[in-house]
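Asker: 3D model of this:
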Amino acid sequence: MLDLRVNDAAHQVDAPPEMPLVWVLRDLIGLRGTKFGCGIGACGACIVHLDGQAVRACITTAAEAHGKAITTIEGLAGAHGDHSLQRAWKQVNAPQCGYCQPGQLMQAAALLAQTPKPTDEQITSAMAGNICRCGAYQRIKAAIKIAAGEAE
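Answerer: Numbering: from 1, shown residues only. Predicted coordinates:
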């Protein structure tokens, strides 16, 4: 049994230690917001926070998450209802198909937690590992700037 703290709730899961965290979250805990994209950590669709750091849940094992605080897209806003990034995403209509957006939001949240007022270069660098097949990169960048209080 593994002890996981997901979105401030305790979970005991019976999972093989090598099981990817994305499957633990989706299949065993029932949180379907974290998406499976590539399975090799290249696309960013599965990003969650592990003890406050953005990690790719498709290459992070259940054992690596044992005893750590996990935040998924469902927990990003906490008790408030929506996060400043989620409001900004809506404001600029960032998503098209939406599949990559949970990972995009989680990566952006990690960036703003570490760098509350990022430059354009810092945003581009931090978000470079997140693939959006629809090409919504400019709207995503604009949303991050709005959430950081630097609306264009």
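
Asker: quick one: what helix or strand has the closest residue to Phe36 other than its chain neighbours in it?
Answerer: Excluding its sequence neighbours, the residue lying closest to Phe36 (Cβ to Cβ, 6 or more residues apart in numbering) is Val22, at 5.4 Å. Any C-beta I mention is one placed from the backbone N, CA and C, and that applies to glycine too. Val22 is part of helix 21-23, with elements assigned from DSSP states H and E.

Asker: same for that helix, what does it pack against?
Answerer: helix 62-65 (3 or more Cβ pairs under 8 Å, 6 or more residues apart in numbering; DSSP states H and E).

Asker: So what are the sheet partners of the following helix or strand past the helix it packs on and their directions?
Answerer: Next along the chain after helix 62-65, taking DSSP H and E as the criterion, comes strand 69-71. With DSSP bridges as the test, strand 69-71 is paired with strand 2-6 (parallel), strand 47-50 (antiparallel).

Asker: which of those strands is buried the deepest?
Answerer: Among the strands paired with strand 69-71, strand 47-50 has the highest mean neighbour count (mean count of other Cβ atoms under 10 Å), at a mean of 26.

Asker: And the contacts of that one?
Answerer: 21, 25, 34, 54-57, 60, 64-65, 68-73, 102-103, 106-107, 109-110, 130 (Cβ atoms under 8 Å, 6 or more residues apart in numbering).

Asker: Put the alpha carbons of it into CSV.
Answerer: This file holds the C-alpha atoms of strand 47-50, laid out as CSV (Å, rounded to 0.1, in the frame of the first residue of the first chain):
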residue,chain,number,x,y,z
ILE,A,47,2.1,17.6,-15.4
VAL,A,48,1.1,17.6,-11.7
HIS,A,49,2.9,19.1,-8.7
LEU,A,50,4.8,16.9,-6.4
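
Asker: Nearest to Gln114, out of the strands paired with strand 69-71?
Answerer: Checking these against Gln114 by Cβ to Cβ gives strand 47-50 as the closest, at 11.3 Å.
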